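In: need a structure here:
(one chain, ligands or ions: 2)
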Amino acid sequence: MKVLLIGSGGREHALAWKLAQSPLLTKLYAAPGNPGIGEEAELVALDAEDHSAVIAFCRDTAIDFVVVGPEAPLVAGLADDLRDAGFAVFGPSRAAAQLEGSKGFTKDICARYNIPTGAYQRFTAAEPAKAYVREQGAPIVVKADGLAAGKGVTVAMTLDEALAAIDDCFAGAFGSAGAEVVVEAYLDGEEASFFCLSDGKTALALATAQDHKRVGDGDTGPNTGGMGAYSPAPVMTDEMVARTMTEIIEPTIRGMADSGFPFTGVFFAGLMITEKGPELIEYNVRFGDPECQVLMMRLKSDLLPILYAAATGTLDQVSAEWRDDVALTVVMASKGYPAAYDKGTPIRHLPAGGETGKVFHAGTAMKDGQLVATGGRVLNLTATGRTVAEAQARAYALVDQVEWENGFCRRDIGWQAIERG
Ligand code: AMP
Ligand code: GLY
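Out: Numbers count the residues shown, from 1 in each chain. Ligands and ions are numbered 1, 2, ... in the order given. I've put the predicted structure just below:
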């Protein structure tokens, strides 16, 4: 099978690494990819926003299957246009991608299909939103409706913070993503991420993970795209996974199909495990980054037939097997991230991963024969171990071999799981 992978981050490097191991693969292309992905795939300089160029490439190269990594091309309808042109695609339609693209859309699906989530209201103007916040009191959560690179959410512990967040959204802090605001109840508990495939009818549970969103040790400082992750998430016991499937995932699949937007692809459910059980915080419609990196390290099965089954309505015919080992990844980012940072700083040495480790590239490029950092999040030093502590020690041993002066990382990835014992 000839496969085209769309994307250029650490998530796509992990997907490329796993797809490249498939005996079913004849050739892997990646667009635009990065130097790490280039070790697994032939890189193609395609702009994912130019749907006709992507379709023309797929026709010329006789691509059998397209895997879309990031959310932006899905929300822009790349999967629809490729499917209309006759290609099998892993990833939801534009309409189904609203589960990530619009928080209000997701909350309405939850309300209609009785999916546990915080109580909410949608607003298109500041005054009624503020009146609702005053009536509900703090803590309360204010969210820009649209895609805001993970920055559109304010968990307000005071009324003043919530009111300021409403003003910010309507003043355009998140552009058109903030033209509508969702105000929702604060959920108290432990967070976990749950990954599950769907072909529109059937669900295949994958695995669980925990992310570290804040930039600083001890979960301090501003939110980021994720500074590290590990899998599995200890809070997701078999019972919690089973409840998540029956109370959240299955009603979502039915609800999306009933609403005329059958969902194919991966559900990345952000959950809060409250005293009532799992409640939905949000859906993403693609693999998490860096959660995907730890999932791929733990997946024993061939990834390619599983993704293809999700894309072609045959998910009931496949299964996924997982290693019992823990996988943990540490993100190295450019100094300054998530605010401004220098681009093009040289990375002079990267360690070889070995049997239990793997270095995924997230934001790198080759410039005049030198590997350089081009992004905020740049490298994912990833390792497996029998325990979180062992995986953590191995991942940091890799970090310590990286020679990149402008890089930094958190030093405590996995701390909750280690504290739990
Ligand atoms: P989101 O972008 O919706 O995942 O929100 C970002 C982060 O805000 C989540 O990972 C949670 O830590 C927090 N958050 C979002 N919604 C809630 C909520 N209703 N209650 C408590 N925390 C929340
Ligand atoms: N790591 C969080 C995300 O991919 O959204």
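In: which helix or strand contains the residue of the stretch 151-300 of the chain found nearest ligand 2?
Out: Residue of the stretch 151-300 of the chain nearest ligand 2, by C-beta to the nearest ligand atom: Gly226 (3.0 Å). For glycine as for every other residue, the C-beta is placed from the backbone atoms N, C-alpha and C. Applying DSSP states H and E as the criterion places Gly226 outside every helix and strand.
In: beta partners for the residue of the stretch 201-350 of the chain found nearest ligand 1?
Out: At 3.7 Å from ligand 1, Glu282 is the closest residue in the stretch 201-350 of the chain, using C-beta to the nearest ligand atom. On the basis of DSSP bridges, Glu282 is bridged to Gly270.
In: name the residues of the stretch 151-300 of the chain found near ligand 1, please.
Out: Applying C-beta under 6 Å from any ligand atom, we find that the stretch 151-300 of the chain lies next to ligand 1 at Val153, Val155, Glu184, Tyr186, Leu187, Glu191, Lys213, Gly270, Ile281, Glu282.
In: got a quick ChimeraX command for the buried subset of those?
Out: The following ChimeraX line selects those of those that are buried, judged by 16 or more other C-beta atoms under 10 Å:
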select :153,155,184,186,187,191,213,281,282
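In: want to throw the residues of the stretch 151-300 of the chain next to ligand 1 into JSON lines with pLDDT?
Out: As requested, these are exported to JSON lines (pLDDT from 0 to 100):
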{"residue": "Val153", "pLDDT": "89"}
{"residue": "Val155", "pLDDT": "92"}
{"residue": "Glu184", "pLDDT": "96"}
{"residue": "Tyr186", "pLDDT": "96"}
{"residue": "Leu187", "pLDDT": "96"}
{"residue": "Glu191", "pLDDT": "93"}
{"residue": "Lys213", "pLDDT": "92"}
{"residue": "Gly270", "pLDDT": "96"}
{"residue": "Ile281", "pLDDT": "96"}
{"residue": "Glu282", "pLDDT": "95"}
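In: show me the helices in the stretch 1-150 of the chain, by range?
Out: For the stretch 1-150 of the chain, the helices defined by DSSP state H, counting those that start in this stretch cover 10-19, 51-61, 71-75, 78-84, 98-101, 103-112, 126-136.
In: cool, and the stretch 151-300 of the chain?
Out: Going by DSSP H, counting those that start in this stretch, the stretch 151-300 of the chain shows helices at 159-170, 238-244, 250-258, 291-298.
In: mean pLDDT and mean neighbour count for those - can I get that in a markdown table?
Out: Below are those laid out as a markdown table (pLDDT from 0 to 100; neighbours: other C-beta atoms under 10 Å):
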| stretch | mean pLDDT | mean neighbour count |
| --- | --- | --- |
| helix 159-170 | 94 | 19 |
| helix 238-244 | 97 | 15 |
| helix 250-258 | 97 | 18 |
| helix 291-298 | 98 | 27 |
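In: can you lay out those as CSV showing distance to ligand 2?
Out: Below are the helices of the stretch 151-300 of the chain laid out as CSV (distance: least, C-beta to the nearest ligand atom, whole Å):
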stretch, distance to ligand 2
helix 159-170, 20
helix 238-244, 18
helix 250-258, 18
helix 291-298, 6
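In: ok, which of those helices comes nearest Gly385?
Out: helix 291-298 (10.4 Å; C-beta to C-beta).
In: from memory Leu304 sits against Ser22, does it?
Out: Yes: between Leu304 and Ser22 there is a contact at 3.8 Å, judged by C-beta atoms under 8 Å.
In: overlap in contacts of these two?
Out: Met1 (C-beta atoms under 8 Å, 6 or more residues apart in numbering).
In: when these two are compared, which one has more neighbours?
Out: Neighbours per residue, other C-beta atoms under 10 Å: of Leu304 and Ser22, the larger number sits with Leu304, 22 against 19.
In: what helix or strand is that one located in?
Out: Per DSSP H and E, Leu304 falls inside helix 303-311.
In: who's in contact with that helix?
Out: The contact list for helix 303-311 (C-beta under 8 Å, 6+ apart) reads 1, 3, 15, 18-19, 21-22, 24-25, 65, 67, 88-91, 197-199, 204, 264-266, 296, 315, 317-318, 320.
In: PyMOL command to pick out the buried ones of those?
Out: Selection of buried members from the contacts of helix 303-311 for PyMOL, criterion 16+ other C-beta under 10 Å:
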select buried, resi 1+3+15+18+19+22+25+65+67+88+89+90+91+197+198+199+204+264+265+266+296+315+318+320
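In: pLDDT weak spots in this protein?
Out: By pLDDT under 70, the weakly predicted segments of the chain are 150.
In: switch to 80 and redo it
Out: By pLDDT under 80, the low-scoring segments of the chain are 149-151, 421.
In: which residue, other than its chain neighbours, is closest to Leu204?
Out: Spatial nearest neighbour of Leu204, excluding adjacent residues (C-beta to C-beta, 6 or more residues apart in numbering): Leu197 at 4.5 Å.
In: oh sorry, the question was meant for Glu321
Out: Among residues not flanking Glu321 along the chain, Lys300 sits closest, at 4.3 Å (C-beta to C-beta, 6+ apart).
In: for the one you found, phi and psi?
Out: Taking degrees, to the nearest 10, you get phi -90, psi -30 for the backbone angles of Lys300.
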